[in-house]
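Student: Just a sequence and a predicted model for now, questions to come.
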Amino acid sequence: MENIFIGRQAIYDKQLKVFAYELLSRSNTEHNQAFVGEHNANHATTMVMLNALTEIGLHQIVHHHPAFINFTYDFLVGEFKIPDLPNQLVLEILEDVKVTDELIAAVKRLSEKGYLIALDDFIYHEKMLPLVEIANIIKIDILQLDEQELREHVNKLRQYDVHLLAEKVETQKQYELCIELGFDYFQGYFFCEPKIVSGQRTPSNRITIINLLAKLQDPEVHIERLEELISQDLALSFRLLKYINSAAFALQRKVDSIHHAIVMLGLNTIRSLANLMLMSNFDDKPHDLLVIAIIRARMCEELALNFDKKMKDTFFTAGLFSVIDALMDSSMKDVVAQLPLTHALRDALLEQKGIIGEALKCCIAFERADWGNVQFQNLDATTIQKSYFNAVIWSNDAVMLVANK
């Protein structure tokens, strides 16, 4: 079977909660180039469905959320079968689709069956109006339009009963403009950037968290000191023991103390879990920021297992801390300066340098569907893809357990 990268990108509502995921795919042999021809596009969509729906399971990838998938003309008119999942699949119609009477009739039938219809990368044109009248969601790539053009598009589309989705929202300024214009959904990584305001004071709870994180990173910390640090925070101790005794670890006997946990699982594992739980305490940040951190951490760890198992905890920390600037609303340089990290970990977080930085760069490229940069050492595409899916599946349970305060 041809190697295909399959990823997901979250779509958020106005409360910055995950509304849906878009499933994206690309042949590793084509890197970041567009597919050429209808045959290749059909093939890519087929591979997404075969992998996501059959081999892995749609629920594992998107959980209970709707899944946006690009469907070509041939799928929409019935040349190829669309999975019978009208309650979860959102059918995305590509911007360059040939609008024919046959297509319009087919899309109407699919809508009547209960599928949500989305128009992808929409640019207003008369020929698209029959589809606009059927569509539930219209996606606009905000980087394709200047502000005036974006306002004009929104004003024209207000007369239709559709929800508007802003794609490629990368900055807070772009997000605020889209909110002002009345967009309903947002896709992009705008909240992964810190909100740095000159003169602002860091809230006391963030100072407490960063201080404890700093103490946990001390490379000279011994078992007794680590036990003392964790035990001083009763909530952290309780959550850590609850997580360790969950099905995630499947231990044969119950762990009833932090000391026992360190002896059973090792100092580095307990430190990584404590880091994870501390970072879940940032209540004023979008929940999905923690999800992104967990997936990056686990995927980095998975990549390390194929490179050097002894480095897995350091790789995990790099992925986890890759969003700490957004959590702290400070530059990464300022945050890293407060933590006693190794030079290798600092280089990875600040410049994505070194072997750890290479793994982190691979993880971030995968989540952003930047397929040309999805590479790590000499690992093949199948191994990297498996690392990503393992991370996503692991995150489904980990997020609920660590965030359950």
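Tutor: In hand now; what should we look at? Remember, predicted model here, so these are calculated numbers, not experimental data.
Student: Tell me how far stretch 324-335 lies from the chain's centre.
Tutor: Taking the mean of its C-alpha atoms, stretch 324-335 sits 19 Å from the chain's own mean (CA atoms, centre = their mean, to the nearest Å).
Student: hmm, I was thinking of stretch 369-379
Tutor: Distance of stretch 369-379 from its chain centroid, counting by CA atoms, centre = their mean, is 17 Å.
Student: Residues contacting that stretch, please?
Tutor: Outside of stretch 369-379, the residues that reach it under the criterion CB atoms under 8 Å, 6 or more residues apart in numbering are 5, 7, 9, 24, 26, 28, 30-32, 303, 306-307, 355, 358-359, 361-362, 364-366, 381, 384. To be clear about C-beta, it is placed using only N, CA and C from the backbone, and glycine gets the same treatment.
Student: Over to stretch 299-311?
Tutor: 312-316, 318-319, 355-356, 359-360, 362-363, 366, 376-377, 379, 383-384, 386-388, 390-391.
Student: out of those residues, which are buried?
Tutor: 312-316, 318-319, 355-356, 359-360, 362-363, 366, 376, 379, 384, 387-388, 390-391 (16 or more other CB atoms under 10 Å).
Student: Looking at those residues, which are in strands?
Tutor: When DSSP state E defines the strands, the subset of these inside them is empty.
Student: low-confidence ranges in the chain?
Tutor: 1-3, 27-53, 197-204, 403-405 (pLDDT under 70).
Student: can you give me the strands for it?
Tutor: When assigned using DSSP E, the strands of the chain occupy the ranges 4-12, 18-27, 67-71, 89-93, 116-119, 137-141, 163-167, 185-186.
Student: Give me the sheet partners of the fifth one and which way each runs.
Tutor: Within its sheet, strand 116-119 is paired with strand 89-93 (parallel), strand 137-141 (parallel), according to DSSP bridges.
Student: Scan this structure for its longest helix.
Tutor: The helix that spans the most residues within the chain, counting by DSSP state H, is helix 381-403.
Student: ok, and what's touching that one?
Tutor: Applying CB under 8 Å, 6+ apart, the set of residues contacting helix 381-403 from outside is 3-8, 28, 56, 60-61, 63, 239, 242-243, 246, 248, 273, 276-277, 280, 287, 290-291, 294-299, 302-303, 306, 362-363, 366, 374-376.
Student: Pull it out as CSV, backbone CA atoms only.
Tutor: C-alpha atoms of helix 381-403 as CSV (Å, rounded to 0.1, in the frame of the first residue of the first chain):
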residue,chain,number,x,y,z
ALA,A,381,6.5,7.4,6.7
THR,A,382,4.6,4.4,8.2
THR,A,383,6.5,4.6,11.5
ILE,A,384,6.0,8.4,11.8
GLN,A,385,2.3,8.0,10.9
LYS,A,386,2.0,5.3,13.6
SER,A,387,3.7,7.6,16.1
TYR,A,388,1.1,10.3,15.4
PHE,A,389,-1.9,8.1,15.7
ASN,A,390,-0.6,6.5,18.9
ALA,A,391,-0.2,9.9,20.3
VAL,A,392,-3.7,11.0,19.3
ILE,A,393,-5.3,7.8,20.8
TRP,A,394,-3.3,8.1,24.0
SER,A,395,-4.3,11.7,24.4
ASN,A,396,-8.0,10.8,24.3
ASP,A,397,-7.7,9.2,27.7
ALA,A,398,-4.8,11.2,29.1
VAL,A,399,-6.5,14.5,28.7
MET,A,400,-9.5,13.4,30.7
LEU,A,401,-7.4,11.8,33.5
VAL,A,402,-4.9,14.6,34.0
ALA,A,403,-7.5,17.4,33.7
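Student: the inter-axis angle of that helix versus strand 18-27?
Tutor: Angle of helix 381-403 versus strand 18-27, following axes from the mean of the first three to the mean of the last three CA atoms, to 10 degrees, is 170 degrees.
Student: chain center to helix 381-403, what's the gap?
Tutor: Mean-position distance between helix 381-403 and its chain equals 10 Å (CA atoms, centre = their mean).
Student: Same question for stretch 175-185.
Tutor: On the basis of CA atoms, centre = their mean, stretch 175-185 sits 21 Å off its chain's mean C-alpha point.
Student: ditto for stretch 174-181
Tutor: Averaging C-alpha coordinates over stretch 174-181 and over its chain gives two centres that are 21 Å apart (CA atoms, centre = their mean).
Student: got the buried residues for that stretch?
Tutor: Residues 174-175, 177-178, 181 are the ones in stretch 174-181 that count as buried (16+ other CB under 10 Å).
Student: Among those, which are located in helices?
Tutor: Filtering those for membership in helices, criterion DSSP H, returns 174-175, 177-178, 181.
Student: Kindly reformat the residues you listed as a markdown table and extend each row with distance to residue 226.
Tutor: Putting these into a markdown table (distance: CB to CB, whole Å) gives the following:
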| residue | distance to residue 226 |
| --- | --- |
| 174 | 42 |
| 175 | 39 |
| 177 | 46 |
| 178 | 45 |
| 181 | 50 |
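Student: Name the nearest of these relative to residue 159.
Tutor: Set against residue 159, the nearest of those by CB to CB is residue 181 (15.0 Å).
Student: close enough to count as contact, the closest one and residue 149?
Tutor: No. Between residue 181 and residue 149 no contact is recorded; they are 11.7 Å apart, counting by CB atoms under 8 Å.
Student: Overlap in contacts, these two.
Tutor: Looking at what touches both residue 181 and residue 149 (by CB under 8 Å, 6+ apart), there is no common residue.
Student: now the helices for the stretch 301-405 of the chain?
Tutor: Counting by DSSP state H, counting those that start in this stretch, the stretch 301-405 of the chain has these helices, from start to end: 312-321, 324-328, 332-337, 343-351, 354-367, 381-403.
Student: Export those to TSV and append columns for distance to residue 154.
Tutor: Written out in TSV, the entries for the helices of the stretch 301-405 of the chain read as follows (distance: least, CB to CB, whole Å):
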stretch	distance to residue 154
helix 312-321	37
helix 324-328	28
helix 332-337	34
helix 343-351	38
helix 354-367	28
helix 381-403	33
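Student: Of all these, which one is nearest residue 140?
Tutor: Between the helices of the stretch 301-405 of the chain, helix 354-367 lies closest to residue 140; by CB to CB that is 21.8 Å.
Student: just checking, what packs against that closest one?
Tutor: Using 3 or more CB pairs under 8 Å, 6 or more residues apart in numbering; DSSP states H and E as the contact criterion, the secondary-structure elements in contact with helix 354-367 are strand 4-12, helix 287-305, helix 312-321, helix 343-351, helix 381-403.
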